[in-house]
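Participant: Sequence below, structure please.
(chains A and B, ligands or ions: 2)
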Amino acid sequence: MLVNRKLILAHFWFAFAVFGLALCLGAWQMFVRSPLYTWISNPEWYYRSLTAHGTVMGYVFPTLVAMGFGYAISESALKQPLVGLRWAWGGFWLIVAGAVMAMVPVALGRASVLYTFYPPLIGNAFYYIGVVLVVVGSWVWVALMSINLRVWRRAHPGEPVPLAMFANVAGSYLWAWTAVGAALELLLQIIPVALGLKTTIDAGLARVFFSWTLHAIVYFWLMPTYIAYYTIVPRAIGGRLYSDTMARISFILFLVVAMPIGMHHTFADPQVGAGFKFIHSTFTALVALPTLLTVFTICASVEIAARLRGGRGPFGWISALPWQNPIMLAVAFSFVLLGFGGAGGLINMSYQLDATIHNTQWITGHFHLIFGGAIVIMYFAIAYDLWPHLTGRALPSLALVRTQLWLWFVGMIVTTFPWHWVGILGMPRRMAYYDYSDPAIAPQAFSVTLSAIGAFVLLISGLLFLVILARGMRQGATDAGVWRFSVPVHPVRAVPLALNSYAIWVALMIGLTVTNYGYPILTLATRADTSVPAIYVGAQ
Amino acid sequence: MSARELFTFRNPYFSAAVGLAGGLFVVTAVVGFIVLPYAQKDLQFAGLWDAICSAAGLPQRAASVPTARVGPHLSEAVLTPTTLASPSQESIGRGATLAQRCAICHGPTGISRADSPNLAGQYAAVIYKELVDFRAGARTNAVMSPFAVNLTDQEIADLAAYYAYLPRLPAYHPTPQLPKPRIVIYGAPVRGIAPCGACHGSLDNKTGSPWLEGQSETYMKAQLQAFAASRRTNDISQQMRNVARAMTPREIDEAAAYYASQPPEIVKATD
Ligand code: HEM
Ligand SMILES: [Cu+2]
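Facilitator: Numbers count the residues shown, from 1 in each chain, chains lettered A, B, ... in the order given. Ligands and ions are numbered 1, 2, ... in the order given. Next up is the predicted model:
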């Protein structure tokens, strides 16, 4: 059993509890804006719900999963007691406090600004301060991961850092830097206005700051999933990791190229020059590299497992895989969802093609497929894999676990494929009401209904997930043994210094941020004529 | 670990990473700032530097064309938090005196018999903005403009305070209440029309938007048509013109008839 199981369980339980609540809101949103329901008649309710759903799913839930998983990795991969346990609890409680503080004004309808903040719309200050607390709490984790690694390094000079920890710390550094954008936006721009110290805001600059965060945050969400691909999947299905080096290069690439590309979220914004949009668009193409490396390496690792189990032939080995094993199922589903989502992403990243789907339902369909699908299904897998080591009890029923994963997979396809489709047809996103009797949109009623049905499948699956975890706490005690990571085919004896440390990569990450963001931020920040009056939520 | 060992071009990882990242940056910068601007046939540049500035997003035009003011006179009304803040009894009193001139059309109690707007209980910001616009010529009307042209800022603020202070009374010729038409409840999202109530009361009130309940049907219809035809242009950022242009004549009729049939007491008592 893991030593810090209380800490990790606290992170996971809080994460999954708010996830369950936000999931209900998501399904409700899907329902009320579908033809299955007339109209809620006050759109404010929709935006209230949307703000809560987006804030929880985007900020609170994945951050807590990454943190809990990170503590488990630090303890198990480094085989040393966690340094700074008290601080870790402090960070956790900061996040709880921040999440509650943010959600109260949202629930009261005082901060229906959506999780992207949408300045010059300004909500209640406590919403933003709550979000800042969540970020600060997560920075405590970043510092602890770095410190724990440093302590380990001192005790093991020159040794290769275990892959899981190497990736974990890379993810934490990425998060530390990418969160700076939104933090600057909140602290320098939004919160002063929300507190009434200022009445104007530079909305264009705010959007540029937010784009600094918005892309790389996606890779922060993705980190636990990728770490699970490399360090849990091969072990769980009885195989070997095909290449430890490839894994390190992938995580390093994420660190470097996830940052200087965020302006693909501002393609339609007038305040950013076309030249910078082009640079960001091109750099965006690079993020395909680590993902392609990963898909290749994991497929190879899975094939190794199949051949060890007696699989034969160019494709025949696939049937030899342990399909009864939930982790096997999860990774297969995750790859399929990632494949479709990645294909859609090619359209989003292109400066020209993006115009066709900008602000349509395609976008929400896309990120639910990638984030809610490919990424979150591996969060489930991580929880299932860790649970016996946290509770000292076996999971109640693997069949139930498989059902849950199947439901999530099918539900996600049924939800997101029609969602993409209506986006291509031009249906805008973030709207509370659609008049399906209008001939312009009537043909889309069927697709939206299908999507809403998928949403309820997802809801069932999500609740089932919670039930399985809760029942997992009350099974008979068993010894799950040590929580281990996959072993590479070739044992890692020595790793080049560059692949065993972060200095070059962090420097490059910051350097590219400066080249790709410096000029637009500087010009916007120094021009006097770019501010607009703030619009306060609910003000007359 | 020593930084000297890492940050040197003898380290193949360092040189490859810096070379690739730097190289890609330079290539994309050349394409993005020079090649692509020139590839756009409809853009004219005075020179290379001009093209680069344009791609960098510098908001200036090198080939300066004298910007003649074209198009209609737009609203220049500015409302600061202090413009109409807590009006005094004197202000309301002065407004009442001034309002005697208005009574011939807008009624002695602020309720019109002449298809002019009812002003009793209208939001102060609305009265203020319309008078400022009439005075400046951003909104014109053969009868109304001459009344507004000589008003001072203080007089406009007094009139706004007075009419906002008056109680909302039923319209002079009340019609039976009609059911809400679709355009009023839902707007038409596909055509970019928000529900009327999103600005004009019932759902939310946006500064400068009047409440409409009990106003003259003829008047409201005429205004919607004027917005649609761009004969009336004092709506800031074309908020109302964009809506009216996208409305069908039938929707205009329905909306005007519906609002005219509503009692004004149901307007949210905010502002
Ligand atoms: C039952 C499953 C889910 C359903 C039915 C659902 C539904 C929705 C809906 C209807 C929207 C609003 C789209 C719009 O109005 O444009 C939305 C937004 C969003 N969802 Fe979900 N969702 C689900 C699960 C998830 C999951 C698992 C995540 C991530 C962990 C997630 C993250 C988000 C985010 C970040 C937004 C953006 C909010 C915004 O546009 O402001 N959702 N979701
Ligand atoms: Cu992005």
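Participant: Tell me where the stretch 151-271 of chain B has helices.
Facilitator: Along the stretch 151-271 of chain B, counting by DSSP state H, counting those that start in this stretch, helices occupy B:153-165, B:182-185, B:217-228, B:239-246, B:249-260.
Participant: Put together TSV for the ones you listed, with mean neighbour count and mean pLDDT on each row.
Facilitator: From N, CA and C alone the C-beta is placed, and that goes for glycine too. Shown next, in TSV, are these (neighbours: other C-beta atoms under 10 Å in any protein chain shown; pLDDT from 0 to 100):
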stretch	mean neighbour count	mean pLDDT
helix B:153-165	21	94
helix B:182-185	19	86
helix B:217-228	18	95
helix B:239-246	18	94
helix B:249-260	19	94
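Participant: Name the nearest residue to A:Ala525, ignoring sequence neighbours.
Facilitator: Closest residue to A:Ala525 apart from its sequence neighbours, by C-beta to C-beta, 6 or more residues apart in numbering or on different chains: A:Leu205 at 6.0 Å.
Participant: Give the full set of residues in contact with the one you found.
Facilitator: With contact taken as C-beta atoms under 8 Å, 6 or more residues apart in numbering or on different chains, A:Leu205 is in contact with A:189, A:271, A:521, A:524-525, A:530.
Participant: what's the distance between it and ligand 1?
Facilitator: In this structure, A:Leu205 and ligand 1 are separated by 20 Å, where distance is defined by C-beta to the nearest ligand atom, to the nearest Å.
Participant: Could you pull up phi and psi at A:Thr200?
Facilitator: A:Thr200 has phi and psi values of phi -120, psi 160 when expressed as degrees, to the nearest 10.
Participant: from memory it sits against A:Ile535, does it?
Facilitator: No. Distance between A:Thr200 and A:Ile535: 10.8 Å, which falls outside the contact criterion (C-beta atoms under 8 Å).
Participant: A:Gly137: which element?
Facilitator: Under the assignment given by DSSP states H and E, the secondary-structure element containing A:Gly137 is helix A:125-155.
Participant: got it, and A:Gly538?
Facilitator: Short version, using DSSP H and E: A:Gly538 is in no helix or strand.
Participant: what do you get for A:Tyr46?
Facilitator: Taking DSSP H and E as the criterion, A:Tyr46 maps to helix A:43-55.
Participant: could you dump that helix to PDB, C-alpha only?
Facilitator: Presented in PDB, the C-alpha positions along helix A:43-55 are these (Å, rounded to 0.1, in the frame of the first residue of the first chain):
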ATOM      1  CA  PRO A  43     -30.400  32.000 -20.600                       C
ATOM      2  CA  GLU A  44     -28.700  33.100 -17.500                       C
ATOM      3  CA  TRP A  45     -29.300  29.600 -16.000                       C
ATOM      4  CA  TYR A  46     -27.500  28.100 -18.900                       C
ATOM      5  CA  TYR A  47     -24.400  30.300 -18.600                       C
ATOM      6  CA  ARG A  48     -24.300  29.800 -14.800                       C
ATOM      7  CA  SER A  49     -24.200  26.000 -15.400                       C
ATOM      8  CA  LEU A  50     -21.700  26.400 -18.200                       C
ATOM      9  CA  THR A  51     -19.400  28.400 -16.000                       C
ATOM     10  CA  ALA A  52     -19.500  25.900 -13.300                       C
ATOM     11  CA  HIS A  53     -19.100  22.900 -15.700                       C
ATOM     12  CA  GLY A  54     -16.200  24.500 -17.500                       C
ATOM     13  CA  THR A  55     -14.400  25.700 -14.400                       C
END
